[in-house]
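Participant: would you be able to build a 3D model of this:
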Amino acid sequence: MNLKSIAVRVWLVTILAAGAAWAGALPSLNSADLAQGAYSSMHMLLEKTFLKVDVLTVDVRFGKADQARFRQLASGKKYSPELGRELAKVAIASDHAVVQLHFVRDVSLDQWMDAVRDNLAQAKAAGLISAALQKRVGGGLPKTFALLQERGYEEGDRLLYGIRGATLDTAVISAKGKVLMQKHDDDRELSRVVLASYFAPGSDFRELLLRSMVK
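Facilitator: Predicted coordinates:
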């Protein structure tokens with residue numbers, strides 16, 4: 001291999017590495033810097049319509065600081081609406097969490113976006129996000145997830161959100177492990193809106209997720 005070929009390969013590796021860093025790391029529930037054990041995670045199965053059709057599972061894992069707050073609030077207690085409100089406050093304010101949606105059946109992108117907009121409306125009604133942020137996020141969904149417009153979500157796909165301070169990493173990964181979409185945002189409002197929409201009063205997720213943490 002001549003020096004020119006070596007130089008080209010080094011240049012390509014450098015460009016690829018820079019691109020990966022720009023995109024941000026893929027969020028993972030198994031990240032070593034997330035908490036483990038009791039009061040670190042939540043899990044639920046979402047069923048839609050009166051036919052109880054399974055749609056997806058939702059898992060949320062939090063950082064160690066949140067785990068300590070959850071333990072302090074819930075240790076030795078049974079679930080109650082009052083406890084749920086306190087736990088939800090911690091979850092919504094988290095600076096370190098990963099949310100994973102695992103689809104157990106095919107869902108069109110339009111169906112999913114409608115559900116997201118419903119959750120945003122609930123978060124806005126609860127005073128968790130502003131009307132401007134609701135409009136910005138809801139209106140931006142088609143562009144953000146444009147690569148999935150015709151395909152939608154297929155059985156086995158995973159949608160992941162990684163929240164770390166003011167940063168939000170979003171990724172969609174197929175059942176075979178292919179990264180279908182990846183986006184990195186340095187925007188505190190966006191990093192807050194994810195958890196606010198899942199834990200807003202009246203959402204399909206809030207109570208089932210919170211109850212799963214309190215055994």
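Participant: quick one, strands of the chain?
Facilitator: Assigned by DSSP state E, the chain shows strands spanning 41-48, 53-62, 96-103, 158-164, 167-173, 179-186.
Participant: reformat those as JSON lines; add mean neighbour count.
Facilitator: Placement of C-beta: from N, CA and C, glycine included. Formatted as JSON lines, the strands of the chain follow (neighbours: other CB atoms under 10 Å):
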{"stretch": "strand 41-48", "mean neighbour count": "17"}
{"stretch": "strand 53-62", "mean neighbour count": "20"}
{"stretch": "strand 96-103", "mean neighbour count": "21"}
{"stretch": "strand 158-164", "mean neighbour count": "22"}
{"stretch": "strand 167-173", "mean neighbour count": "21"}
{"stretch": "strand 179-186", "mean neighbour count": "14"}
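Participant: low-confidence ranges, the chain, go.
Facilitator: 1-24, 49-52 (pLDDT under 70).
Participant: out of the strands of the chain, the one nearest residue 207 is which?
Facilitator: strand 41-48 (9.0 Å; CB to CB).
Participant: mind giving me the packing neighbours of the closest one?
Facilitator: strand 53-62, helix 206-213 (3 or more CB pairs under 8 Å, 6 or more residues apart in numbering; DSSP states H and E).
Participant: tell me the angle the shortest one makes with strand 41-48.
Facilitator: It refers to helix 206-213. Taking axes from the mean of the first three to the mean of the last three CA atoms, to 10 degrees, one finds helix 206-213 and strand 41-48 inclined to each other by 140 degrees.
Participant: next: the longest one.
Facilitator: Our comparison of strand 53-62 with strand 41-48, counting by the same axes, to 10 degrees, yields an angle of 160 degrees.
Participant: ok, which stretches of this protein are helices?
Facilitator: Here the chain has its helices, by DSSP state H, at 3-23, 64-74, 81-92, 109-125, 131-144, 188-198, 206-213.
Participant: buried residues in the fourth one?
Facilitator: For helix 109-125, a neighbour-count test (16 or more other CB atoms under 10 Å) marks 109, 112, 113, 115, 117, 119, 120, 121, 122, 123, 124 as buried.
Participant: mind checking how far the first one is from residue 141?
Facilitator: When distances are taken as CB to CB, to the nearest Å, residue 109 and residue 141 turn out to be 9 Å apart.
Participant: would you turn the strands of the chain into CSV with distance to residue 81?
Facilitator: Putting the strands of the chain into CSV (distance: least, CB to CB, whole Å) gives the following:
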stretch, distance to residue 81
strand 41-48, 17
strand 53-62, 20
strand 96-103, 23
strand 158-164, 26
strand 167-173, 30
strand 179-186, 33
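Participant: no more questions from me, cheers.
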